[in-house]
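Engineer: Structure for the following, please:
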Amino acid sequence: QVQLVESGGGLVQAGGSLRLSCAASGSTFNIDGMGWFRQAPGKQRELVARLISGGVTSYADSVKGRFTISRDNARNALTLQMNSLKPEDTAVYYCNAYSIKSQSRVENYWGQGTQVTVSS
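Structural biologist: Numbers count the residues shown, from 1 in each chain. This next block holds a predicted model:
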């Protein structure tokens, strides 16, 4: 099992910055990749950024050039630096980690979420 705890959310004005952190504990050696998702009211949860083994990153088109995902393997921590924030970035942000068990089975772990609110 992997436990994830997010921190760093809050209220910020449009154009501002926030840094989210996710601390992983437990069976972290099983983790094959980590990422950040978000869910706005009335919308489905969506992938914001992902980092997989080898340091390969991917971002949603809506955040490219503004958000940066990084991982500190020594501290089992994942961060999301968010710059030039927009009101449409307002959502609950969730840290995700996954472990590939087989070709047909992936185990996902989720944090409790942290609220990010961007005022216009």
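
Engineer: Would you mark the buried spots in stretch 7-15?
Structural biologist: G8, G9, V12 (16 or more other Cβ atoms under 10 Å). C-beta: built from backbone N, CA, C; applies to glycine.

Engineer: in the sheet, who's paired with the residue lying closest to the first one once chain neighbours are set aside?
Structural biologist: Just to be clear, that refers to G8. Sequence neighbours aside, L20 is the residue nearest to G8 in space, at 4.3 Å (criterion: Cβ to Cβ, 6 or more residues apart in numbering). L20 has these beta-bridge partners by DSSP bridges: L80.

Engineer: The most centrally placed residue in the chain sits in which helix or strand?
Structural biologist: In the chain, the C-alpha nearest the mean C-alpha coordinate belongs to W36, at 1.8 Å (Cα atoms, centre = their mean). Element membership for W36 (DSSP states H and E) is strand 33-39.

Engineer: I'd like the distance from that strand to the chain centre, please.
Structural biologist: 4 Å (Cα atoms, centre = their mean, to the nearest Å).

Engineer: ok, residues contacting that strand?
Structural biologist: If you take Cβ atoms under 8 Å, 6 or more residues apart in numbering as the criterion, strand 33-39 is touched by 20, 22, 24, 45-53, 69, 71, 78, 80, 89, 91-98, 113, 116.

Engineer: switch to 7 Å and redo it
Structural biologist: 20, 45-53, 69, 71, 78, 80, 91-98 (Cβ atoms under 7 Å, 6 or more residues apart in numbering).

Engineer: List only those of the residues you listed flagged as buried.
Structural biologist: 20, 48-51, 69, 71, 78, 80, 91-98.

Engineer: sorry, back to before: dump the residue contacts of the residue nearest to G8.
Structural biologist: L20 touches E6, G8, G9, W36, T79, L80, M82, Y93, T114, counting by Cβ under 7 Å, 6+ apart.

Engineer: which among those gets closest to V106?
Structural biologist: W36 (17.1 Å; Cβ to Cβ).

Engineer: measure the closest one to G65 for me?
Structural biologist: Distance, W36 to G65, using Cβ to Cβ, to the nearest Å: 16 Å.

Engineer: Next one: the closest residue to T28 other than its chain neighbours from T117, what distance?
Structural biologist: Once flanking residues are discounted, T28 sits nearest to N76: 4.8 Å by Cβ to Cβ, 6+ apart. As judged by Cβ to Cβ, N76 and T117 stand 28 Å apart.
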